[in-house]
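Colleague: Compute the structure for the input listed below.
(one chain, ligands or ions: 2)
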Amino acid sequence: LPAEFEEAKEVLGAIQQAGFEAYFVGGSVRDTILGLKIHDVDIATSAYPAEVKKIFKKTIDTGIEHGTVTVLDHNRAYEITTFRTESTYQDFRRPDHVKFVRSLREDLKRRDLTINALAMKPDGEIIDLFDGLNDLKEGNIRAVGVAEERFHEDALRMMRAVRFASQLDFTIEKNTLDAIKHNAHLLQNVAVERIHVEWAKLLLGTNPKTGLENFLATTLYYYCPLFKDKEEVFRKILRLRGSVQLSSEASAWTLICYLSSLTSTAVKKMLRAWKSSNELVDSVVIATEIVSLIERRKLDTWSYYKGGLHCIKFANEVASILGFGINHTTLEENYAALPIKNKHELKINGGVLISQLKIKPGPQLGKILEKIEYKVVMGEIENQPTALLKAVSSWIEAE
Ligand code: ATP
Ligand code: MG
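Modeller: Numbering: from 1, shown residues only. Ligands and ions are numbered 1, 2, ... in the order given. The predicted structure follows:
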């Protein structure tokens, strides 16, 4: 067993000692069987939250209303969730109530896909009630139980099916695929933030083309924010040569926005509609512009400076995917050669200009500082106090 499980064994042991069942469940079990790296270890138990809290000294009520208690053990945190069923679903969203139960079968039954419905005992024995092992072996994405019903309960599961197809390069089994086609419109009822999480994982999967193909074939895309008219853009991505391997969500959005020929304002609107962080919005706006500069061979010193290495790099990743990327080393060297990387490195500031050259604070001062910044970046003036003061005096005299 991977080290993460070995470390967590004691926690499961303590729950069993107290007379309850405890299993590893969810993504970590799936990924271990596939030989993939695991991130977080989820534990499911027959003990109710209050019972879990009695067993351990240090616990946090992370999501106690959903049955999740975090246990702190040897400086590690484990999420322990009571077996539960999700009975009352409203409007195709998540359930508003969960019911705690003592049966593992009930808990596994409410999970989305067979490959996500496996449980593992502390000794590594797998409990496979829905043929998940076979689906893992065959590379199938299949809903647990009746697919139609499961997507009615929670429409996000359709996005999850498509995202796992991309992440694992699996095939969505016919019955499940048909049920997604049927119910795609229900995605409109799901919170954008939840769709966004799955969409980002789809884009960064091992085979995003598989994910996108399913995204189109099922028409799920049609029910995502501002994607109604984006079919052709996604088809363009499908036609790109090779497997489209993206390193970050920002690169993925940059590719989409660039291929959609969106203006900066439209890029902002798109990413905001997806409830993206300001950081993501800003990066994608800049990177989309940089891709077009790279394509037109107009990426000059000033663009390197304004873009910053981070944005330039993933813009170039996108440019490379599109077949017009620049050499990576050239890019790093050009950036390294910039006289300054940001304006705080200027060897002069507003205060000095005010005291030495008697310039009044205000718009004129701002303009002068911008001009200095530009000239220094472009290598037209040396970034050195006397040289800078001399340049500014000459500009003032010339006016
Ligand atoms: P990842 O590796 O991306 O975290 P995961 O399978 O662990 O994948 P999570 O979102 O962390 O995904 O969910 C943990 C588990 O909870 C899943 O494996 C699945 O069993 C169950 N699950 C998650 N979301 C749903 C859902 N919408 N409907 C039913 N079961 C779900
Ligand atoms: Mg997980």
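Colleague: So what touches stretch 228-241?
Modeller: For stretch 228-241, contacts defined as CB atoms under 8 Å, 6 or more residues apart in numbering pick out 208-209, 212-213, 215-216, 221-222, 244, 255-256, 259-260, 321-323. Using the backbone N, CA and C atoms, a C-beta is placed for each residue, glycine as well.
Colleague: which residues touch residue 349?
Modeller: Per CB under 8 Å, 6+ apart, neighbours of residue 349: residue 369.
Colleague: How confident was the prediction at it?
Modeller: At residue 349, the model reports a pLDDT of 90.
Colleague: ditto for residue 386
Modeller: Residue 386 is assigned a pLDDT of 94 by the prediction.
Colleague: can you pick the most crowded of the contacts of stretch 228-241?
Modeller: Using other CB atoms under 10 Å as the neighbour test, the contacts of stretch 228-241 are led by residue 255, with 29 neighbours.
Colleague: Is it in contact with residue 246, as I believe?
Modeller: Yes - Residue 255 is within contact range of residue 246, at 7.0 Å (criterion: CB atoms under 8 Å).
Colleague: So the closest residue to residue 136 other than its chain neighbours: helix, strand or coil?
Modeller: Closest residue to residue 136 apart from its sequence neighbours, by CB to CB, 6 or more residues apart in numbering: residue 115 at 5.2 Å. When classified by DSSP: H, G, I helix; E, B strand; the rest coil, residue 115 comes out as helix.
Colleague: residues contacting residue 115?
Modeller: 30, 132, 135, 136, 140, 141, 142, 164, 168, 170.
Colleague: Narrow the residues you listed to those in helices?
Modeller: 30, 132, 135, 136, 164, 168 (DSSP state H).
Colleague: Looking at these, which is nearest ligand 1?
Modeller: Closest approach between these and ligand 1, by CB to the nearest ligand atom: residue 30, at 6.3 Å.
Colleague: average model confidence for the one helix or strand residue 232 maps to?
Modeller: According to DSSP states H and E, residue 232 maps onto helix 231-239. For helix 231-239, the mean per-residue pLDDT is 98.
Colleague: Need the CA coordinates for the following helix or strand past that helix. PDB is fine.
Modeller: As assigned by DSSP H and E, the chain's next helix or strand after helix 231-239 is helix 249-259. Taking Å, rounded to 0.1, in the frame of the first residue of the first chain, the C-alpha atoms of helix 249-259 are listed here in PDB:
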ATOM      1  CA  GLU A 249      -6.000  26.100 -16.200                       C
ATOM      2  CA  ALA A 250      -4.700  29.500 -17.400                       C
ATOM      3  CA  SER A 251      -3.200  28.000 -20.500                       C
ATOM      4  CA  ALA A 252      -6.400  26.100 -21.200                       C
ATOM      5  CA  TRP A 253      -8.500  29.300 -21.000                       C
ATOM      6  CA  THR A 254      -5.900  31.200 -23.000                       C
ATOM      7  CA  LEU A 255      -6.200  28.600 -25.800                       C
ATOM      8  CA  ILE A 256     -10.000  28.800 -25.800                       C
ATOM      9  CA  CYS A 257     -10.100  32.600 -25.700                       C
ATOM     10  CA  TYR A 258      -7.500  33.000 -28.400                       C
ATOM     11  CA  LEU A 259      -9.200  30.600 -30.700                       C
END
